[in-house]
Structure formats: C-alpha cells, structure tokens
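[1] give me the fold of what follows.
(one chain, ligands or ions: 1)
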Amino acid sequence: MSPAPRFDRGHTDDLMSFLAASPSPYHAVATAAERLEKAGFRQVEETDAWDASSGGKYVLRGGAIIAWYVPEGASPHTPFRIVGAHTDSPNLRVKPLPDAGAHGWRQVAVEIYGGTLLNTWLDRDLGLAGRLTLRDGTHRLVNVDRPLLRVPQLAVHLDRAVNTDGLKLDRQKHMQPIWGLGDDVREGDLIRFVAEEAGVDAADVTGWDLMPHAIEPPAYLGRDRELLAGPRMDNLISVHAGTAALAAAATGGAKLDHVPVLAAFDHEENGSQSDTGADGPLLGTVLERSVFARGGSQEDRARAFAGTVCLSSDTGHAIHPNYAERHDPTHHPRANGGPILKVNVNMRYATDGSGRAVFAAACERAGVPMQNFVSNNAMPCGTTIGPITAARHGIKTVDIGVAILSMHSARELCGADDPYLLANALVAFLED
Ligand code: ZN
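    Residues are numbered from 1 along each chain as shown. You can find the predicted model right below:
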C-alpha cells in the first residue's frame with residue numbers, strides 16, 4: 001500500500017513564493033536555508049571543526065547549498081541518499097564596468113550567462129538582483145524587484161523581415177538593457193544605485209554579482225489553472241522540491257538507515273566547473289567530512305559512498321504540440337503526467353536500468369506516475385549534474401526531473417501538479 005502523498009497543490013503555491021523570492025542563485029540558497037532552519041537544520045561553517053552530533057546541518061558556499069540530516073544512531077559508514085539539483089538559470093549578468101549609454105539612453109553592460117533564449121529577455125520589465133561583496137569580505141543580498149531595466153526590441157518597421165526570416169540577435173550589440181535617460185554616464189553609477197537600494201555605503205562595495213530578472217510573478221495558467229508559468233523553473237522546481245523533501249524526511253518520524261542529503265549546485269548552465277559547481281569537490285568534501293566527523297576512516301568513507309544513491313533532478317522537455325517531430329516518436333512526456341526518468345545511453349544522463357528501478361520504486365511507494373524521457377536520435381541531447389556527480393564521486397546516480405515547455409526562456413511553463421508529484425517521489429526516495 002502506498003502511503004498518502006505528503007504534498008499537494010499547496011506545494012505548488014509554495015513553489016511560486018520560492019521562485020519569486022529567488023531571483024539569483026544566492027537568493028535561492030538563502031531561501032532554501034531559511035526553510036531548512038524552520039525544520040531544525042543549522043548552518044555549519046566549512047572553516048570550523050565538525051562534530052559527531054545528529055540532526056540537520058547545511059553548508060552554504062556562494063550559490064550552492066549542501067544540506068544533510070544525520071539520524072540518531074547513524075554509523076560512520078551509513079550511506080547517503082542524495083537529491084541533486086542546480087540553483088542557476090540562464091540569464092544576463094552585469095559586467096565589471098557596467099555603466100554605458102548612447103544617444104541619451106542610460107544602459108547597463110551585460111554578459112550572457114548560459115544557453116538563454118535571448119529573445120525572451122526582450123521587451124520585458126526587469127529587476128536587478130544578486131549579491132554585493134563588502135570591503136570586510138561579507139556579502140549582502142540585494143533585490144531591486146521593480147521595473148528598472150529593459151532590453152527594447154527593434155520596431156517591426158525597422159526590421160521588416162523579422163517575422164519571415166527570423167529574429168537575429170547579436171549577443172553584444174543587441175542585448176544591452178536601458179535603465180533610464182541621461183548623457184552624463186559616469187563609472188560607478190549603477191553600483192552606487194544598487195548599494196543605496198541595499199542600504200550599504202557604496203564606498204564599501206568592492207565586488208558584485210548582479211543579474212537582471214523578470215519581475216512578473218509566477219501565475220497559474222490555463223482553462224482550469226492546470227499549468228504554472230514562471231521564471232527560473234529550470235531548476236528551482238527541483239531545488240524547492242528537494243528542500244521540502246529533505247525537511248519532510250528529517251521531521252517525518254520515519255526510521256532512516258541512511259543520511260538524506262540535498263545538494264544544490266551553482267553553474268550547471270555553463271558546465272558546472274567551479275568551486276560551487278557539481279564538477280568541484282564541494283559535495284565529496286562535505287560527505288567525507290560528515291563520515292570523518294562521526295569517527296569514520298577512509299574505509300568507512302568508501303563503504304558509505306559505495307552504498308550511496310543520488311537522484312539528480314532537473315527539468316526535461318515536455319512534448320511540444322507545435323513541434324512534436326523534434327521529440328522522440330514514442331517517448332512523449334506530458335504536463336501533469338508525473339516526474340520523468342531521463343535516459344541517454346551515451347551518458348549525457350547517468351541513468352541505467354538499475355537506476356531506473358530505484359526511481360520507479362520511489363514513485364511506486366509515493367503513488368505517483370512516472371514518465372520516460374529520451375531524445376530523438378537526430379537531436380543532440382542536453383545534460384545536467386547527474387553524469388558529473390557519478391563520474392566525480394563514483395556515486396550511483398539517476399537523472400530524473402519535471403517536463404516543462406520553453407526551457408531556458410525567461411518565463412517557462414509546466415504542469416501545476418508536477419512539482420508536488422516530484423516532491424512526493426523525492427520524499428519516498430529519501431525515506432526508503
Ligand atoms: Zn537545468
């Protein structure tokens with residue numbers, strides 16, 4: 001008999017607040033940490049010595065969070081059950097010398113982050129968020145959550161062929177947002193403005209990681225409000241579901257014979273190679289230190305890792321009604337059809353048959369349907385943190401997720417039930 005699902009549409013309502021509160025990876029990990037704190041988790045510093053105590057703990061590093069719950073009586077070689085995800089989304093990022101302008105328009109110089117759909121950033125009212133680094137090395141989150149910037153599209157009268165020949169965007173020339181008027185552009189204008197918004201002295205701001213975000217809040221959509229439209233669902237759907245699932249596993253009273261973990265990394269959208277990305281040592285170091293803190297040896301570490309399983313959760317493509325031929329002819333994930341298992345035999349996804357069995361069992365225990373995703377052979381397949389986690393740490397990994405439309409758009413679309421169906425499957429996995 002399947003246990004009653006823990007999460008319902010209320011989880012999707014909560015996802016909407018999570019998305020709105022998380023315009024940058026730094027905000028996403030702060031939002032996740034705040035929720036974990038409510039479930040009794042406590043932050044540990046990487047620079048401190050760790051102890052053998054049980055309970056919920058988490059490490060924050062930039063835009064990454066690793067959280068874990070040591071159950072009462074866990075041994076040094078107790079294996080881990082990990083939900084992996086990523087906190088970053090493709091977008092625009094502010095350049096080091098951001099103050100620009102031409103012909104009376106004040107502009108902000110931006111770089112392109114990840115494989116964003118550039119056109120989706122045009123003619124959208126944008127806020128600005130991220131973190132400021134102060135002279136003393138501390139960080140301050142900032143979120144200007146009102147219309148501040150806009151990348152204006154060229155009028156059709158000046159681009160007559162745009163609807164027939166397609167929109168052609170130069171990544172350097174055409175993507176610089178405007179943020180007002182003025183001929184007196186001075187270096188430091190933007191940072192002075194942002195510092196004031198953050199309530200800090202601009203002279204103390206010595207570093208920044210800032211990015212525009214679409215300010216329109218997430219919304220239910222469709223005849224029966226059965227869809228959810230919103231920003232950054234790739235991959236905050238998974239970060240949010242993983243956070244909720246870990247909190248539920250830690251507080252649910254089930255007897256755990258492993259250590260449940262949430263690992264949410266930054267920089268997935270450009271290949272995960274950073275100290276906060278999945279291709280860095282962060283996850284392995286945290287797991288190892290957790291083993292050693294409980295008095296474990298290298299042998300205990302090897303035993304724990306050998307018994308560990310990771311569900312790498314990220315978005316995948318739902319079947320698109322207008323482009324069905326781009327998908328595999330027989331694998332058609334649908335919105336609200338339940339979480340997807342992602343397969344690619346060339347290891348763009350880490351799933352194999354035994355991994356499939358792990359996820360299928362979790363879905364069965366949770367009473368949620370499971371769907372299968374595989375690419376059309378003529379289309380290159382995307383990838384995610386799954387294969388990197390498997391290869392870097394030697395951890396058995398299964399790629400799963402939620403099927404969405406408009407992946408990497410500034411505003412994506414998914415079924416409104418799928419986020420909580422995913423969360424229920426993740427709890428069943430973490431509690432097994
Ligand atoms: Zn993703």
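[2] whichever residue of the stretch 1-150 of the chain sits closest to the ion and Leu236: what is the separation?
    The nearest approach of the stretch 1-150 of the chain to the ion comes at His86, 5.8 Å away (Cβ to the ion). C-betas here are computed from N, CA, C, even on glycine. Remark: distance between His86 and Leu236 (Cβ to Cβ, to the nearest Å) = 9 Å.
[3] what of Lys57?
    Counting by Cβ to Cβ - Lys57 and Leu236 are separated by 22 Å.
[4] more neighbours, the two?
    Per other Cβ atoms under 10 Å, whichever of Lys57 and Leu236 has more neighbours is Leu236, with 30 against 21.
[5] residue contacts, that one?
    15, 18-19, 22, 28, 87, 89 (Cβ atoms under 8 Å, 6 or more residues apart in numbering).
[6] may I see the ChimeraX selection of the buried members of those?
    Listed next is the ChimeraX selection for buried residues among these, using 16 or more other Cβ atoms under 10 Å:
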select :15,18,19,22,28,87,89
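[7] so what's the residue of the stretch 1-150 of the chain closest to the ion bridging to?
    Counting by DSSP bridges, His86 forms beta bridges with Phe265.
[8] run a quick neighbour tally on it.
    29.
[9] was I right about it contacting Glu268?
    Yes: between His86 and Glu268 there is a contact under Cβ atoms under 8 Å: 3.5 Å.
[10] shared neighbours, these two?
    Joint contacts of His86 and Glu268 (Cβ under 8 Å, 6+ apart) are 235, 278, 314, 384-385.
[11] what subset of those residues is buried?
    For the shared contacts of His86 and Glu268, a burial check counting by 16+ other Cβ under 10 Å picks out 235, 278, 314, 384-385.
[12] could you list which of those residues also contact the ion?
    Subset of those in contact with the ion: 235, 314, counting by Cβ under 5 Å from the ion.
[13] out of the buried ones among the shared contacts of His86 and Glu268, list just those in strands.
    Asp314 (DSSP state E).
[14] need the pLDDT of the closest residue to the ion within the stretch 251-400 of the chain.
    When scored by Cβ to the ion, the stretch 251-400 of the chain has Asp314 as its residue closest to the ion, at 4.2 Å. Here the pLDDT value assigned to Asp314 is 97.
[15] and it, bridged to which residues?
    Asp314 has these beta-bridge partners by DSSP bridges: Gly401.
[16] quick one: residues contacting it.
    Asp314 neighbours (Cβ under 8 Å, 6+ apart): 85-86, 234-235, 238, 268, 342, 384-386, 399, 401.
[17] stretch 330-349 close to the ion?
    No: applying Cβ under 5 Å from the ion, one finds stretch 330-349 out of contact with the ion, separated by at least 10.9 Å.
[18] where along this structure do the helices fall?
    For the chain, the helices defined by DSSP state H occupy 9-21, 25-38, 162-165, 189-198, 233-251, 282-293, 298-306, 353-366, 385-393, 418-431.
[19] would you single out the least confident of the ones you listed?
    helix 385-393 (a mean of 93).
[20] sort out which residues of that helix are buried, please.
    Within helix 385-393, the residues that qualify as buried by neighbour count (16+ other Cβ under 10 Å) are 385-390, 392-393.
[21] same thing with stretch 37-50?
    39, 41, 44, 50.
[22] next one: stretch 254-262
    Applying 16+ other Cβ under 10 Å to stretch 254-262 flags 254, 256, 258-262 as buried.
[23] so which of the residues you listed also contact the ion?
    Within the buried residues of stretch 254-262, nothing lies near the ion by Cβ under 5 Å from the ion.
[24] related to what we said a few turns ago, so who does the residue of the stretch 1-150 of the chain closest to the ion touch?
    Shown in contact with His86 (Cβ under 8 Å, 6+ apart): 235, 238-239, 264-269, 272, 278, 314, 384-385.
[25] apply 10 Å and report the result again.
    With contact set as Cβ atoms under 10 Å, 6 or more residues apart in numbering, His86 has these partners: 25, 28, 63-64, 234-236, 238-239, 263-269, 272, 277-278, 312-314, 384-385.
[26] same question, Val374
    316, 327-328, 330-331, 333, 340-345, 349, 351, 381.
[27] tell me the buried residues within these.
    For those, buried by 16+ other Cβ under 10 Å: 316, 327-328, 333, 340-344, 349, 351, 381.
[28] give me the number of residues near the closest residue to Ala361 other than its chain neighbours?
    In space, and not counting its chain neighbours, Ala361 is closest to Asp432: 7.4 Å by Cβ to Cβ, 6 or more residues apart in numbering. Asp432 is flanked by 17 other residues according to other Cβ under 10 Å.
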